[in-house]
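Engineer: Compute the structure for the input listed below.
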Amino acid sequence: MQNAPSIRAWQRASEDDCSAVERGLALNAEDRPRRDIIERLTCDLHVDLIPFQTVEGSPVDGFVSEHARLAPMVDDGLVHVNGDKTKVTEEAAPSCVRSALCLMPICKPARAATPVPSRYRRRAAG
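Structural biologist: Numbering: from 1, shown residues only. The predicted structure follows:
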């Protein structure tokens with residue numbers, strides 16, 4: 001989700017006790033574990049998938065297909081995969097994280113985007 005880009009709009013929404021969310025996608029159960037994994041990869045540069053395998057919405061294959069999509073990065077030495085642990089190398093982090101996110105999408109390509117429910121959208125000034 002993205003907050004209102006204008007500081008004034010964000011402040012107005014906050015003062016009116018409204019959400020400052022301008023746009024985004026509503027997540028379903030399958031999206032949430034992927035979002036959390038991506039967050040760990042971008043913030044910590046590593047993730048252990050074991051805790052995510054029992055979360056509602058996690059793939060039955062235990063993220064095997066996602067790991068398979070990382071194979072070219074593993075071959076190039078940008079990412080290390082050891083069982084359920086995935087690590088982005090420090091030297092590859094600046095260029096690699098975005099690429100990893102493309103290969104491990106939060107929303108499956110076949111699924112249409114779900115708009116943010118209106119209760120999370122900014123109210124029109126008036």
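
Engineer: For this structure, which segments count as helices?
Structural biologist: 7-15, 31-44, 64-69, 71-75, 93-103 (DSSP state H).

Engineer: Which positions in the second one come out as buried?
Structural biologist: Translated: helix 31-44. 31-34, 37-38, 40-41 (16 or more other Cβ atoms under 10 Å). (Glycine included, C-beta is placed from N, CA and C.)

Engineer: again with the first one
Structural biologist: Taking 16+ other Cβ under 10 Å as the basis for neighbour counts, the residues of helix 7-15 that come out buried are 10, 12-13.

Engineer: any idea how the chain splits into domains?
Structural biologist: Listed by automatic domain parsing, the domain ranges of the chain are 2-26, 31-103.

Engineer: For my notes, please list the ones you listed in CSV and give mean pLDDT for each entry.
Structural biologist: Below are the domains of the chain laid out as CSV (pLDDT from 0 to 100):
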stretch, mean pLDDT
domain 2-26, 81
domain 31-103, 81
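
Engineer: what residue lies at the spatial centre of this structure?
Structural biologist: Arg35 (3.2 Å; Cα atoms, centre = their mean).

Engineer: How much space separates that residue from Gln53?
Structural biologist: 15 Å (Cβ to Cβ, to the nearest Å).

Engineer: now Val60
Structural biologist: From Val60 to Gln53 the distance is 10 Å (Cβ to Cβ).

Engineer: between these two, who's got more neighbours?
Structural biologist: With neighbours defined as other Cβ atoms under 10 Å, Val60 and Gln53 compare such that Gln53 has more, 15 against 6.

Engineer: quick one, what contacts the nearest residue to the more buried one once chain neighbours are set aside?
Structural biologist: Of all residues not flanking Gln53 in the chain, Gly62 sits nearest, at 5.2 Å (Cβ to Cβ, 6 or more residues apart in numbering). Contacts for Gly62 were tallied using Cβ atoms under 8 Å, 6 or more residues apart in numbering; they are 49, 53, 84.

Engineer: Thanks again, I'm all set now.
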